[in-house]
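**Q** Okay, here's the prediction I keep looking at, along with the sequence it came from:
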Amino acid sequence: MQRILLGVNIDHVATLRQVRKTSYPEPLQAALLAEQAGADSITVHLREDRRHIQERDVTLLKEVMGIPLNLEMAVTDAMLAFAERLKPEYCCLVPEKREELTTEGGLDVSGRQAQVAHACQSLKAAGILVSLFVDPDAEQIAASREAGAAAVEIHTGRYADTGDDERGIELEKIIQAVRLAHDSGLRVNAGHGLNYRNVQTIAGIPELHELNIGHAIVARAVLCGMMQAVAEMKQLMNQARM
Ligand code: PXP
C-alpha cells in the first residue's frame with residue numbers, strides 16, 4: 001500500500017503564545033522540529049479573529065520551510081488576496097464562525113457553488129493546489145469536483161467525537177466518501193479530531209493521501225517535553241545560587 005502523508009497543524013503552538021501575548025513558543029521553530037521528525041507538510045489556519053496564527057507566522061513559514069505549507073482559510077476576498085500574494089503550496093477552504101472553538105462541520109460547497117468555484121479558480125491561477133474541507137457527503141463531494149477543486153479533505157470530527165454506538169456508522173460514511181472522491185479523480189485528505197487512539201482506523205483507508213492533525217500532536221508534545229522543561233528551569237535556579 002502507498003505511504004500516507006502527515007500534515008502537522010501547528011495552530012495551537014500559536015494559541016499558547018497568544019494566550020499570554022509573549023514571543024514564545026515560536027510556531028516556526030515547532031514547524032522546523034516537525035519537519036525534522038518527518039512531517040510531510042505544515043498546516044496553519046489564519047482565522048479572521050487572529051486567535052492563534054498571525055500573518056507574520058504564515059509569511060515566515062512560507063519563507064523558511066522546506067516542506068509544503070497548507071494554508072487553511074475562509075472563503076473571503078481578504079483571504080483570497082492574502083493567499084494569492086503568499087502562494088502557499090496548498091490552500092484548504094474551510095467554513096469559519098467567530099464563536100466556534102474550532103472548525104465545526106465542513107464547507108457547504110453545494111450551497112455556495114459559485115463563490116467556491118470562483119475561489120478555486122483564482123487560487124489555481126496563482127499556482128496553488130486547492131482543497132475543500134467537506135463532510136463525508138456525496139453531494140458535497142460532487143459539488144467540490146464541479147467547483148474545480150483538486151482535492152477534498154474529509155471531515156473526521158464527527159467520527160472522532162461520537163460515542164461507541166455511532167462510531168461504526170460515522171466510519172462507514174468516511175470510507176464511502178473517500179472512495180467516491182478518489183474515484184471521481186480528487187486527491188483525498190482527511191482530518192479533524194484525530195488522535196493517538198483513533199488515527200490507525202482512518203490511516204488504514206487506502207485511498208487517503210494525507211491526514212492533517214494538530215491538537216493531539218501539540219498536546220502530546222507538551223507532555224513529552226515536560227521533564228526536560230522542568231529540569232532546565234531547576235538548573236537555571238540552582239546556578240543562580242552557586
Ligand atoms: N483539518 C481542518 C480543515 C481543520 O480545520 C483542523 C483544525 O484546525 C484540522 C484538520 C486539525 O484538527 P485537529 O486539531 O483536531 O487535529
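**A** Received the coordinates, thanks.
**Q** where do the strands sit along this protein?
**A** For the chain, strands defined by DSSP state E occupy the ranges 5-9, 41-45, 69-73, 90-93, 129-134, 151-155, 187-191, 210-213.
**Q** Would you mind giving those strands as JSON lines with mean pLDDT added?
**A** As requested, the strands of the chain are exported to JSON lines (pLDDT from 0 to 100):
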{"stretch": "strand 5-9", "mean pLDDT": "98"}
{"stretch": "strand 41-45", "mean pLDDT": "98"}
{"stretch": "strand 69-73", "mean pLDDT": "98"}
{"stretch": "strand 90-93", "mean pLDDT": "98"}
{"stretch": "strand 129-134", "mean pLDDT": "98"}
{"stretch": "strand 151-155", "mean pLDDT": "98"}
{"stretch": "strand 187-191", "mean pLDDT": "98"}
{"stretch": "strand 210-213", "mean pLDDT": "98"}
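**Q** Which one of the ones you listed lies nearest to residue 224?
**A** strand 5-9 (14.2 Å; C-beta to C-beta). C-betas here are computed from N, CA, C, even on glycine.
**Q** As TSV, the strands of the chain with distance to the ligand would be great.
**A** Formatted as TSV, these follow (distance: least, C-beta to the nearest ligand atom, whole Å):
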stretch	distance to the ligand
strand 5-9	5
strand 41-45	5
strand 69-73	5
strand 90-93	5
strand 129-134	4
strand 151-155	5
strand 187-191	3
strand 210-213	4
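**Q** Let me have those in CSV, extended by mean neighbour count.
**A** Putting those into CSV (neighbours: other C-beta atoms under 10 Å) gives the following:
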stretch, mean neighbour count
strand 5-9, 22
strand 41-45, 26
strand 69-73, 25
strand 90-93, 27
strand 129-134, 25
strand 151-155, 28
strand 187-191, 24
strand 210-213, 23
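**Q** how about those, which one is nearest residue 21?
**A** Short answer: strand 41-45, nearest of the strands of the chain by C-beta to C-beta, at 18.5 Å.
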